[in-house]
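Novice: Below are the sequence and a predicted model for it; my questions follow.
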Amino acid sequence: MNFGYLCVRKSPSIALFQRGKLRGGKPFPYLKLCRIFAVNLLVSFACGYASAADLTKIYVGYGGIAGYQMPLWVNKEAEIGKKYGLEIEPLLISGGALGMQALLANSIQVSQNSASAAIGAALRGAPIALIATSENRMSAEIVARPEIKSPQQLIGKKIGILRFGGSNDTGIQWALRAWKIDPRQVTILQSGATNARLLALTLGQIDATILSYPEIHIARKRGMNVLADIGDFSAYPNTSLMVTRSFIEKQRPLAKNLLRSQIEAIFYMRTNREGSIKILKKFLRVDDLEAIEATYDFFARRTDAVPRTNLEGLKNILKEMAAPQRSPNEFVDMSLLDEIEKEGFMQRFR
């Protein structure tokens, strides 16, 4: 780093230690060692401080504690963002709607969330755009109590979701449609975040819910049955990066570096199982190593190396939001990713 070189060349501390001499003008060896040590210490401190000062802090909101957040967590813990001049600070903001509010208020600069959160806000006039999607299938499964072994047994039962209008709700609607079950034949309840729904399922307060890993693994160990993988029903841009359009316009180099760091984080995640599992363990706060390993294996194979948003998946979301006439291109800005690919950046991570 050029600044580090200047630190060495211009350090004023060298002159101070030149006074430590014996008669005859020869430097005293001990003082000479001290001089070298002190200069190196000063240089290390000064250059380290400059490096930290050069980093731009980016607050990234994320919508829940689950394995699909792995790219962001890896970016933070493996300090990948620092290679691109960024200090990534993840902030847990439960629910996509709250995440969009924080983004519009500039409390965060980026949100890693389901694409449906951005589209829902944009349909109401919010200037939000998707710039990347690392997972274009819904990363969730429908899990039911032990006595329910087939989808038809859900008729007359209670199904818990996070909130109406979110990705949980969409996934359940897709499943009911595929199973030819009229939504009026079941009771869909807003039952809280993932842990709350898992507890409600365990206690029998609800009969089925939609979960991701590691909760799926935990539910299986408690005897629950998996009725379907939502990802098998349709394309769905799930784990996506979204920013305000003004951020793209005013902070374009910063936005590109953020995207570069996320691409490298995805590569780390896909190729470094041991390191990724260690990071997952920290953020998931789960002691069950089998659950953490199952989480990694599930998401590593579903995460795309090139995080391009699937436009057909956006069409599916628009249909669910009663806006099929809208073009998916209205809600994305893939120009950052296009430029990064043209520059040859992706060749390092194939």
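Specialist: Everything's here; your move.
Novice: Please give me every residue in contact with Leu318.
Specialist: 119, 324, 326, 328 (Cβ atoms under 8 Å, 6 or more residues apart in numbering). (Each C-beta comes from the backbone N, C-alpha and C, glycine too.)
Novice: Now tell me which helix or strand of this protein has the poorest mean pLDDT.
Specialist: Within the chain, confidence by mean pLDDT, DSSP states H and E is lowest for helix 13-17 among all helices and strands, at a mean of 31.
Novice: if we can go back for a sec, could you save the contacts of Leu318 as JSON lines and add columns showing distance to Gly192?
Specialist: Shown next, in JSON lines, are these (distance: Cβ to Cβ, whole Å):
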{"residue": "Ile119", "distance to Gly192": "23"}
{"residue": "Pro324", "distance to Gly192": "31"}
{"residue": "Arg326", "distance to Gly192": "31"}
{"residue": "Pro328", "distance to Gly192": "31"}
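Novice: Dump these into a markdown table; add distance to Met269 and neighbour count as well.
Specialist: Formatted as a markdown table, the contacts of Leu318 follow (distance: Cβ to Cβ, whole Å; neighbours: other Cβ atoms under 10 Å):
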| residue | distance to Met269 | neighbour count |
| --- | --- | --- |
| Ile119 | 25 | 28 |
| Pro324 | 34 | 10 |
| Arg326 | 32 | 16 |
| Pro328 | 26 | 20 |
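Novice: For those, work out which two are farthest apart.
Specialist: Ile119 and Pro324 (12.2 Å; Cβ to Cβ).
Novice: Okay, now the unreliable bits of this structure?
Specialist: Applying pLDDT under 70 to the chain picks out residues 1-53.
Novice: repeat that for 80
Specialist: 1-53, 94-95, 165-167, 350 (pLDDT under 80).
Novice: Can you give me every residue that contacts Asp207?
Specialist: Applying Cβ under 8 Å, 6+ apart to Asp207 gives the contacts 144-145, 148, 154, 157-159, 201.
Novice: what's in contact with the helix or strand containing Phe267?
Specialist: In this assignment (DSSP states H and E), Phe267 forms part of helix 252-271. Helix 252-271 is contacted by residues 56, 58, 70-72, 74-75, 78, 80-81, 83-86, 88, 110, 131-132, 134, 241, 243, 247-248, 275-276, 299-300, 303-307, 336-337, 339-340, 345-346, 348-349 when judged by Cβ under 8 Å, 6+ apart.
Novice: buried ones in that helix?
Specialist: If you call a residue buried by 16 or more other Cβ atoms under 10 Å, then helix 252-271 has these buried ones: 254-270.
Novice: can I get the CA coordinates of the helix or strand just after that helix in CSV?
Specialist: The helix or strand immediately downstream of helix 252-271 is helix 273-284, counting by DSSP H and E. In CSV, the C-alpha atoms belonging to helix 273-284 read as follows (Å, rounded to 0.1, in the frame of the first residue of the first chain):
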residue,chain,number,x,y,z
ARG,A,273,-16.9,-26.2,3.6
GLU,A,274,-14.9,-26.2,6.8
GLY,A,275,-14.7,-22.4,7.0
SER,A,276,-18.3,-21.9,6.1
ILE,A,277,-19.5,-24.3,8.7
LYS,A,278,-17.5,-22.5,11.4
ILE,A,279,-19.2,-19.2,10.4
LEU,A,280,-22.6,-20.8,10.3
LYS,A,281,-22.1,-22.1,13.8
LYS,A,282,-21.4,-18.6,15.1
PHE,A,283,-24.5,-17.0,13.5
LEU,A,284,-27.0,-19.8,13.8
